[in-house]
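# Need coordinates for the following:
(one chain, ligands or ions: 1)
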Amino acid sequence: MTNGKCIAVSDVHLGIEYSNRSKFIDFIDNLGDEVDRLVLLGDILEFWRRDPVRVMLENIDIIQKLMSLEPGINVSYVVGNHDFHLIRFPQSYFGVKFDLKRDLSLEYGGTKYRFIHGHQLENKRFGTLKTYETFADSLCMAGDDVGKAADMIWEKIGEGGRGGIMDTIRNFFISVFSSDPPPKDSLPWIRERIAEIMLEPEELMIKKYEEYAFELVNEKYNGEFLIYGHSHKPYVKTEINLANTGSWVKGSSDYLEIDEHGVVLKSHL
Ligand SMILES: [Mn+2]
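Take a look at the predicted model:
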């Protein structure tokens, strides 16, 4: 049983220009005295379209702020698909400090809360979670030269360049989506899949995520309240034990407050 107030936040995507960076700094600086736990619910840092080291260096001020919250505020970092690479460094200073996890369980007011980033809900589209995570990890390492757009990844693969990471990405699509296509014929098809995975989730997909989340809550996490992010669409539905943390991109500044009374959706003004 945990007392106090927990804040859960996800999808800040620090490292891309439409991240609401300065507001997030203000938010961290003003968490308030009642807060004793902060759950960073994935995609806090953006490694898919950027070089991870550069992103870390550019955001070192925020990382230091987050690190200095302890011991007053307990900080957990649940990795998302865009910062999945962090899970590889549990023994690093960063890893030890933030207690890196794939999921987290906490109890408030007799309710068990399960925290996942939410890319796990992609399973039904992208094969097994393990395959998806291998792919996410590869994209995290694709670096700045891959750039911002799916088209640039596509160009790299289309060139037939035998770069290790590009081969991994190409093999990922081939292994997940088809049995054994001739490489030449499969290229346009791979291009479509890349575009699909790099895009922001659409309205239709967001509904699907919610349906999958509902299934998770009734199967794997039976009896628990599931909190996830990933779709950038915040909500709280207490009646079905689901809530989404929203995002901090394109003008949003969403977060969830969890305590013994339940879950409340808020925006940082
Ligand atoms: Mn995500």
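# For the helix or strand encompassing K65, which helices and strands make contact with it?
In this assignment (DSSP states H and E), K65 forms part of helix 60-67. On a contact count with 3 or more CB pairs under 8 Å, 6 or more residues apart in numbering; DSSP states H and E, helix 60-67 meets helix 21-29, helix 93-98. C-betas here are computed from N, CA, C, even on glycine.
# Number of residues surrounding Y255?
Around Y255 there are 23 other residues, counting by other CB atoms under 10 Å.
# who are the neighbours in contact with E58?
By CB atoms under 8 Å, 6 or more residues apart in numbering, E58 lies in contact with 14-15.
# Correction: the previous question concerned V176.
Counting by CB under 8 Å, 6+ apart, V176 has contacts 126-127, 131-132, 135.
# Buried ones among these?
Taking 16 or more other CB atoms under 10 Å as the criterion, what is buried in the contacts of V176 is 126, 132, 135.
# just checking, which of those belong to helices?
Under the assignment DSSP state H, those contribute 132, 135 to helices.
# Show the subsequent helix or strand relative to the helix or strand of the chain with the lowest mean pLDDT.
Using mean pLDDT, DSSP states H and E, helix 150-158 stands out as the lowest-scoring helix or strand of the chain, at a mean of 68. Sequence order places helix 164-177 as the next helix or strand after helix 150-158, per DSSP H and E.
# Just the CA atoms of that next one, as CSV, please.
In CSV, the C-alpha atoms belonging to helix 164-177 read as follows (Å, rounded to 0.1, in the frame of the first residue of the first chain):
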residue,chain,number,x,y,z
GLY,A,164,24.0,-3.1,-39.8
ILE,A,165,21.1,-1.1,-38.4
MET,A,166,19.4,-0.8,-41.8
ASP,A,167,19.7,-4.5,-42.4
THR,A,168,18.1,-5.1,-39.0
ILE,A,169,15.2,-2.8,-39.8
ARG,A,170,14.7,-4.4,-43.2
ASN,A,171,14.9,-7.9,-41.8
PHE,A,172,12.4,-6.9,-39.1
PHE,A,173,9.8,-6.0,-41.7
ILE,A,174,10.5,-9.1,-43.8
SER,A,175,10.3,-11.5,-40.8
VAL,A,176,7.2,-10.0,-39.2
PHE,A,177,5.0,-9.3,-42.2
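# Just the buried positions in it, please.
Buried-residue list, helix 164-177, by 16+ other CB under 10 Å: 165-166, 168-170, 172-174, 176-177.
# what does the average pLDDT come to for the following helix or strand past that helix?
Going down the chain from helix 164-177, the next helix or strand is helix 183-198, by DSSP H and E. Mean per-residue pLDDT for helix 183-198: 72.
# Check stretch 63-79 too.
Here stretch 63-79 scores 93 as its mean pLDDT.
# Contacts for it, please.
Stretch 63-79 is contacted by residues 25, 28-29, 31, 35-42, 44, 56, 86-87, 94, 97-104, 115-117 when judged by CB under 8 Å, 6+ apart.
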